[in-house]
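K.L.:
A structural model of the following input is requested.
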Amino acid sequence: MTDESLLELTQRWHRASALLAACADVLAERPGVEPPGWAARRGWVDFLSGLDAPTVARCEAHGLAGDAAVSGAPADLRALVVEGAEVCRLPALAGAGDGAPTHRVKARKRRQIAAFAAAVADLPARRVVDVGAGHGHLTRHLVEALGVEGLGLEREPAHVDTARALAARSAARFDAVDLFASPPTLGPHDLVVGLHACGALTDRLVVQAAEAGAAVAYASCCLQKRPEAARRPLVTDGPLGEQALPKALLGLGNINIGPRGVEASHAENVAARGQRMALRALLQGRGLELGPGDEMHGINRRRAHDAFADFVAFVLARRGLPAASAAELRHFEAMGHAQHAAARRWSLARRWLGRVIEVQINCDRALYLQRRGYRVALGALWPIAISPRNVGVIARRP
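P.N.:
Numbers count the residues shown, from 1 in each chain. Prediction:
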């Protein structure tokens, strides 16, 4: 693990923040079927509308920066994309690691746990406190690998029951606790960890660990999962100042990088987005007024991977609306997928900013720790092929 100097981290944070500020209009207007206002104002319409379907799919999966198509892009778009790629080029924080638990753990999760353990192997600690511990796989592994006490904190009692059952022969213990209502008591000899602790939970982890002088290690995930409507920065003297990023923009950080997604392939996720647009068109056809993303309000996004008829039946039942006819399903499924095919081109100029948002927020967290005397490393905990949610921060206590 190589610590990032205060100057290096500040420069990366400033560059990411400045890039988001320069693209404020692109972020503010969610693309639809027609060319967005920012595409017309910036002169990007001809380039984006001229991309063929295979190129669009390739750029979605791998990014604009690495595609030959970007060579024909307007100069300002090309410059922004190249700058974004530079800002998001992160060092590796650890090797692959080995010896991760195998019982009831999927292969990709095992590789993440092993890499995480390798990244924190030289952090001195007497106790590991795992925030959002789930079934406790990381907690148990770190207790054994580091030879320390372990406490896994998880909100869901059912997960805690499973974690305790799996830890029957481990020194790790688990508590069911709402970390927002009952923050844990931490000390300077703790190592506070979070493997994909979502959204506000990671922010809480960072602040509470810093207040206690505890070491910190986490892998970022699902920035938009938070009780409040937007995220306020921890450090406010950069190009974005105290500007809060709303959930809709934070959700861009979950966009896939590479053909393998987090829970489904890129192709499957593209198809699911078409299903969502078809659902939206159907609901609007029923006279509903919808804000951005409202078609999925209260609905698990995995439902969009179901067959369209099953997906619609579930949503309409949840909303207390009459079932859809076969003709209605055919009409709006075709409409939604046609709209999605058009919108994908405009989304290309916006989706690459998701990684920039993710890097900027983790720079904000890392800089918050560094300004409190921590030695901090920001980087990729494992290759994107294992999971695109790989941005991590490792911070030694003051």
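K.L.:
rest of the way, CA atoms for contacts and neighbours
P.N.:
Noted.
K.L.:
contacting residues for residue 217?
P.N.:
120, 191, 192, 193, 194, 392, 393, 394, 395 (C-alpha atoms under 8 Å, 6 or more residues apart in numbering).
K.L.:
Most neighbours among these, please name it.
P.N.:
Neighbour counts for these peak at residue 193, which has 30 neighbours (criterion: other C-alpha atoms under 10 Å).
K.L.:
bridging residues for that one?
P.N.:
Here residue 193 shows beta-bridge partners residue 130, residue 217, assigned using DSSP bridges.
K.L.:
Report the two of the contacts of residue 217 separated the most.
P.N.:
The span of those, defined through C-alpha to C-alpha, is set by 191 and 392 at 14.7 Å.
K.L.:
and residue 180, how many residues sit next to it?
P.N.:
Quick note: residue 180 (other C-alpha under 10 Å) scores 11 neighbours.
K.L.:
so how far is residue 145 from residue 154?
P.N.:
Taking C-alpha to C-alpha, to the nearest Å as the measure, residue 154 falls 21 Å from residue 145.
K.L.:
More neighbours: which of these two?
P.N.:
Set residue 154 next to residue 145 and count neighbours by other C-alpha under 10 Å: residue 154 wins out with 23 against 15.
K.L.:
ok, so what distance separates the more buried one from residue 199?
P.N.:
15 Å.
K.L.:
swap in residue 109?
P.N.:
Residue 109 sits at a distance of 19 Å from residue 199 (criterion: C-alpha to C-alpha).
K.L.:
before we move on, what about residue 342?
P.N.:
Taking C-alpha to C-alpha as the measure, residue 342 falls 31 Å from residue 199.
K.L.:
For the chain, identify the residue most remote from the centre.
P.N.:
For the chain, the largest distance from the centre (C-alpha atoms, centre = their mean) belongs to residue 327, which lies 37.5 Å off.
K.L.:
show me what contacts that residue?
P.N.:
Contacts of residue 327 (C-alpha under 8 Å, 6+ apart): none.
K.L.:
tell me which residues of the strand or helix carrying residue 211 are tucked away?
P.N.:
Assigned by DSSP states H and E, residue 211 belongs to helix 200-212. Counting neighbours by 16 or more other C-alpha atoms under 10 Å, one finds that the buried residues in helix 200-212 are 200, 201, 202, 203, 204, 205, 206, 208, 209, 210.
K.L.:
tell me the pLDDT at residue 259?
P.N.:
Note for residue 259: predicted pLDDT of 52.
K.L.:
surely residue 315 meets residue 299?
P.N.:
Yes - the pair residue 315 / residue 299 is scored as a contact, 7.5 Å apart, by C-alpha atoms under 8 Å.
K.L.:
Please say which of those two ends up with more neighbours.
P.N.:
Set residue 315 next to residue 299 and count neighbours by other C-alpha under 10 Å: residue 315 wins out with 21 against 13.
K.L.:
and which of the buried residues of helix 200-212 is nearest residue 383?
P.N.:
Closest to residue 383, out of all of the buried residues of helix 200-212 and judged by C-alpha to C-alpha, is residue 202, at 21.0 Å.
K.L.:
ok, that closest one to residue 224 distance?
P.N.:
Noted for residue 202: a distance of 11 Å to residue 224, by C-alpha to C-alpha.
K.L.:
could you say which helix or strand contains residue 378?
P.N.:
Residue 378 belongs to strand 375-380, assigned by DSSP H and E.
K.L.:
Tell me which residues are up against that strand.
P.N.:
1-5, 90-93, 362-363, 366, 369-370, 390-398.
K.L.:
Could you verify my assumption that residue 160 touches residue 174?
P.N.:
Yes - with contacts counted by C-alpha under 8 Å, residue 160 reaches residue 174, the gap being 6.2 Å.
K.L.:
Can you pull the residues that touch both of these two?
P.N.:
The contact sets of residue 160 and residue 174 overlap at 136, 154 (C-alpha under 8 Å, 6+ apart).
K.L.:
Need the CA coordinates for the least confident helix or strand in the chain by mean pLDDT. PDB is fine.
P.N.:
Using mean pLDDT, DSSP states H and E, helix 53-62 stands out as the lowest-scoring helix or strand of the chain, at a mean of 86. Extracted in PDB, the C-alpha atoms of helix 53-62 (Å, rounded to 0.1, in the frame of the first residue of the first chain):
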ATOM      1  CA  ALA A  53     -25.600   0.500 -32.100                       C
ATOM      2  CA  PRO A  54     -22.500  -1.700 -31.700                       C
ATOM      3  CA  THR A  55     -20.400   1.400 -30.900                       C
ATOM      4  CA  VAL A  56     -22.900   2.600 -28.400                       C
ATOM      5  CA  ALA A  57     -22.900  -0.800 -26.600                       C
ATOM      6  CA  ARG A  58     -19.100  -0.900 -26.700                       C
ATOM      7  CA  CYS A  59     -18.800   2.600 -25.200                       C
ATOM      8  CA  GLU A  60     -21.400   1.800 -22.500                       C
ATOM      9  CA  ALA A  61     -19.400  -1.300 -21.500                       C
ATOM     10  CA  HIS A  62     -15.900   0.100 -21.600                       C
END
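K.L.:
buried sites along that helix?
P.N.:
55, 56, 57, 58, 59, 60, 61, 62.
K.L.:
Distance-wise, check the third one relative to residue 80.
P.N.:
Here the criterion is C-alpha to C-alpha. By it, residue 57 lies 20 Å from residue 80.
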